[in-house]
Every structure is written in C-alpha cells, then in structure tokens.
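Engineer: Sharing a sequence plus its predicted fold:
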Amino acid sequence: MTEARTSNQEFSREIDRLGIVVTLATVAALLVCWLAEWQLGFLLAGGTMIAIVIWQACDPFAEAAQWIGNSLNIPGSVRGATLDAIASSMPELFSGVFFVVVAVAAADPNQLSEAGAEGYGATIATCAGSAVYNMILIPATVALVVSFCRPAKPFVEVGDDVLARDGVWFLVCQMLLITFLYEPRMQWWHAFVFLGLYLVYLLQLARDTRVHRSNLADQTDELAEDDKEEVPTHANCLFGLFQVPIGMFSAWVIIAVATVIAAIACYFLVAITRDTADLLGVPTFFVAVILAAAVSSVPDTFLSIGAAMRGDDSGAISNAFGSNIFDICVCLSIPLLVNSYLVGWQPVDLVQDGKPIPGLVGLRVLLWVLTAVTLGILWHRRQLGRGKALILVVLYLIFVGYAVVGSITS
C-alpha cells in the first residue's frame with residue numbers, strides 16, 4: 001500500500017509539472033495570437049486557460065470535500081454522488097446558469113422567451129456534450145494512461161456494481177433527457193422531475209452504504225483497516241506549489257474560494273463560447289457541445305485518472321457516471337428554473353419555425369447510439385484496455401464530426 005501511495009504521489013507531481021508547462025505554453029499562445037490579431041486562436045487559447053483555471057479550482061475543492069466527508073462520517077459512495085460530483089460538475093452548473101442569464105440580459109424585453117430558449121439550448125448542449133465526454137473520453141483517457149503508467153495492470157477493471165448501479169442509473173437519466181428533448185418545449189416542472197430522480201438515486205446510494213457497512217462489521221479489524229481510503233491532510237493549490245492544511249474551518253474556506261474562482265472562470269467560458277459562435281457564424285449550440293463541454297469536463301478527467309492511479313478502477317469509472325447523473329439531473333434543472341423565473345415561467349421552446357433547434361435532432365440520435373455502444377464496450381469482459389480505449393476515442397471523434405458538420409450545414 002505504501003508503494004502504491006508513493007507511486008501515486010509521484011504521478012501527481014508529474015501531472016503538476018506538466019500542468020505548469022501547458023500553462024506557460026498557453027500564456028505564450030495567448031500573447032502570440034493577440035499580437036497577430038488572430039481572434040479565433042486567441043479565443044481557443046483563452047478556452048484552454050479557462051480549463052486550467054477550472055482544473056486548479058476544483059482540485060483543492062475535491063480534497064477539502066473528501067476531508068469534510070470523512071470528518072462528518074459521510075459514506076464514500078454518498079460523498080461521491082454529492083460532494084465529489086459537485087466538485088467536478090461545478091463548471092457545468094455555473095456555465096448553464098450563465099448561458100441563460102447572459103442570453104436573457106442581452107435580449108430585447110419583447111424577446112425574452114426566444115433569448116431564454118437560445119441560452120437554455122446552449123445549456124443542453126454543454127451538459128449533453130459533457131455527458132458524452134465523460135461517458136466516452138474519460139474512460140478512454142484513464143485506460144490509455146493506465147496502459148502506459150501501470151505496467152503491472154495495464155487495463156481498467158470495470159466492476160459489476162458500477163455498471164449495475166451507476167451505469168443503469170445513467171442510462172435511465174439519459175433516456176429521460178432524450179424523452180424530454182423529443183417534446184416541443186420544456187416546462188419548469190421538468191426540473192423537479194430530474195431533481196426527484198436524483199433524490200431517489202441518493203436514497204439507493206445510502207441503502208448500498210448501509211449494506212456495505214454491515215458487511216464490513218463482519219470482517220476483522222485488519223480487513224476493515226485496509227478498506228479505509230487515504231484522506232488528504234493538505235490541499236494542493238496552484239500545481240502543488242502551495243499546500244494549505246485542511247481543518248474544518250479551512251476546508252470550508254477552500255470550498256468557498258474554489259467555488260468563486262470556478263464561477264468567474266465559467267462566466268468567461270460562456271463569453272468565449274458565444275464570441276466563438278459569433279465569429280464562426282454558427283449557432284452557439286454547436287460550439288457549446290464541444291468547447292464548453294470539454295472545458296467543463298477537465299476536473300472529471302483528472303479525478304478519474306487520480307482514482308485509477310490509486311488502484312480504484314471502479315471509482316474512476318463510477319466518477320464519470322456519477323458526474324453525468326449530476327449533470328443531467330441537477331445541472332440541467334437549476335438553469336431551467338432560473339430561465340423560467342427570468343422569462344415569467346414561460347416554457348422553453350425546443351422548436352424554431354416549426355423545426356427542432358439546430359443540432360437537437362442529431363444530438364438525440366447520437367446520445368442513444370453512443371450510450372448503447374459505450375456501455376456495451378465497458379460490459380464486455382468488464383475490462384477496458386488500450387484497444388477498446390482507442391475505439392472510444394474514435395467514437396468521440398465521430399461526435400466532434402457531428403458538431404462540425406452540423407455547424408457548417410446549419
């Protein structure tokens with residue numbers, strides 16, 4: 001266990017060093033694009049910088065949340081679906097709210113409903129795109145990293161409990177989302193359906209935790225001690241250059257500061273997404289489904305990689321599924337309620353001139369197909385190696401191709 005912990009710490013330091021190099025390169029790219037007056041390059045480099053800021057904000061948030069969960073004796077599975085999910089899904093939540101608020105604030109008072117529909121359409125694109133990213137690219141990235149950095153076990157094991165619980169719940173949430181997207185409009189009460197579904201999911205997590213604790217009670221103290229996870233005592237900030245001791249007060253301060261930083265970063269992410277769409281002359285939907293979704297999913301990626309390098313393969317996969325469930329049930333619900341309030345509780349129209357908003361039809365079909373194929377790949381032998389990871393990468397490239405083609409033909 002000590003060797004595994006040391007190896008994971010060294011891997012974390014390597015990631016931090018790589019992050020510093022990428023940050024410096026991004027700053028240089030921003031400067032070059034600004035001097036060359038290359039607006040698109042400047043916007044894309046800005047998106048990369050925002051991804052780095054979000055990553056560095058969510059890392060200490062996750063460590064502080066883990067410490068609080070352990071101190072308050074919150075079970076790991078429940079903490080993963082609540083505190084950890086919030087830590088990695090803050091960007092999607094804030095981005096969704098800002099897409100709605102910015103769109104409505106800039107609209108003519110007589111066109112609030114249309115502006116709200118545009119803003120919430122970008123929210124759907126961000127959360128759905130993030131769900132595809134989490135479902136496909138995170139397991140693929142984790143498997144590729146493990147295949148090169150963990151030679152003793154160069155593949156990811158996918159636990160039956162992960163697929164049977166988190167995988168099935170994700171599938172149910174995904175099907176409900178697709179069903180709502182086939183309706184001509186979304187109502188405010190749809191948000192409470194999603195939130196109610198998430199509450200039921202939490203209740204199942206609590207039940208599973210009670211069963212797990214009961215089983216642990218029947219084991220020896222030594223086995224129970226081995227089952228305990230390593231709890232961080234310090235929060236790594238700014239690529240590990242600063243370490244903040246974690247206590248009950250400092251943990252909540254870390255969470256508050258990280259939340260504010262992530263919120264500010266997401267505001268600029270929304271601005272960059274809208275500016276990029278205007279520059280390219282395409283609907284915001286198509287830029288959000290790739291750019292905003294990928295940038296907001298950076299924390300999930302590093303959390304899953306870290307879990308796998310600690311030997312927690314199931315945690316690496318379940319984090320991706322848990323984040324998706326949170327994205328669909330919470331990160332779509334809160335912006336929907338905010339939008340409904342701002343436009344006088346009018347429904348969000350999912351059709352324009354009698355047709356679905358651009359990109360929505362293809363997204364509905366791809367969500368069905370990609371979900372089925374990905375779950376099938378994970379279910380096969382319950383292992384994810386380099387070969388399957390490359391197949392998943394190809395699937396994500398198909399998704400990116402859909403966004404590119406859709407933006408050109410819209």
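Structural biologist: Looks like it came in fine. Predicted model, so just to flag it, every value in this text is computed and none were measured.
Engineer: At which residues are the helices of the stretch 301-410 of the chain located?
Structural biologist: Using DSSP state H, counting those that start in this stretch, the helices found in the stretch 301-410 of the chain span residues 313-326, 333-342, 360-379, 386-409.
Engineer: Most tightly packed of those helices?
Structural biologist: Per residue and on average, the most neighbours among the helices of the stretch 301-410 of the chain fall to helix 313-326, with a mean of 27 (mean count of other Cβ atoms under 10 Å). Quick note: C-beta positions are derived from backbone N, CA and C, even for glycine.
Engineer: that older thread, could you export the helices of the stretch 301-410 of the chain as CSV, including mean pLDDT?
Structural biologist: As requested, the helices of the stretch 301-410 of the chain are arranged in CSV below (pLDDT from 0 to 100):
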stretch, mean pLDDT
helix 313-326, 79
helix 333-342, 92
helix 360-379, 79
helix 386-409, 83
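Engineer: would you turn those into TSV with distance to residue 305?
Structural biologist: Shown next, in TSV, are those (distance: least, Cβ to Cβ, whole Å):
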stretch	distance to residue 305
helix 313-326	7
helix 333-342	28
helix 360-379	17
helix 386-409	13
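Engineer: so which of these gets nearest residue 186?
Structural biologist: Between residue 186 and these, the shortest gap by Cβ to Cβ is with helix 333-342, which sits at 6.4 Å.
Engineer: what about residue 37, which SS state?
Structural biologist: Of the three states, residue 37 takes coil under DSSP: H, G, I helix; E, B strand; the rest coil.
Engineer: Got phi/psi on it?
Structural biologist: As for residue 37, its main-chain torsions (degrees, to the nearest 10) stand at phi 60, psi 40.
Engineer: So what's the residue count around it?
Structural biologist: Burial measure for residue 37: 8 neighbouring residues, criterion other Cβ atoms under 10 Å.
Engineer: next one: residue 148
Structural biologist: For residue 148, using other Cβ under 10 Å, the count is 9.
Engineer: Kindly report the same for the one 3 residues further on.
Structural biologist: Neighbour count of residue 151, defined by other Cβ under 10 Å: 8.
Engineer: That one should be in a helix, yeah?
Structural biologist: No - Residue 151: not assigned to a helix; according to three-state DSSP it is coil.
Engineer: List the residues that contact residue 275.
Structural biologist: residue 43 (Cβ atoms under 8 Å, 6 or more residues apart in numbering).
Engineer: For the nearest residue to residue 393 once chain neighbours are set aside, give its distance to residue 335.
Structural biologist: Nearest residue to residue 393, sequence neighbours excluded (Cβ to Cβ, 6 or more residues apart in numbering): residue 140, at 5.2 Å. Here residue 140 is placed at a distance of 28 Å from residue 335 (Cβ to Cβ, to the nearest Å).
Engineer: same check, this time on residue 98
Structural biologist: Distance of residue 98 to residue 335, computed by Cβ to Cβ: 9 Å.
Engineer: What strand or helix carries the residue nearest to residue 393?
Structural biologist: Per DSSP states H and E: residue 140 is located in helix 138-149.
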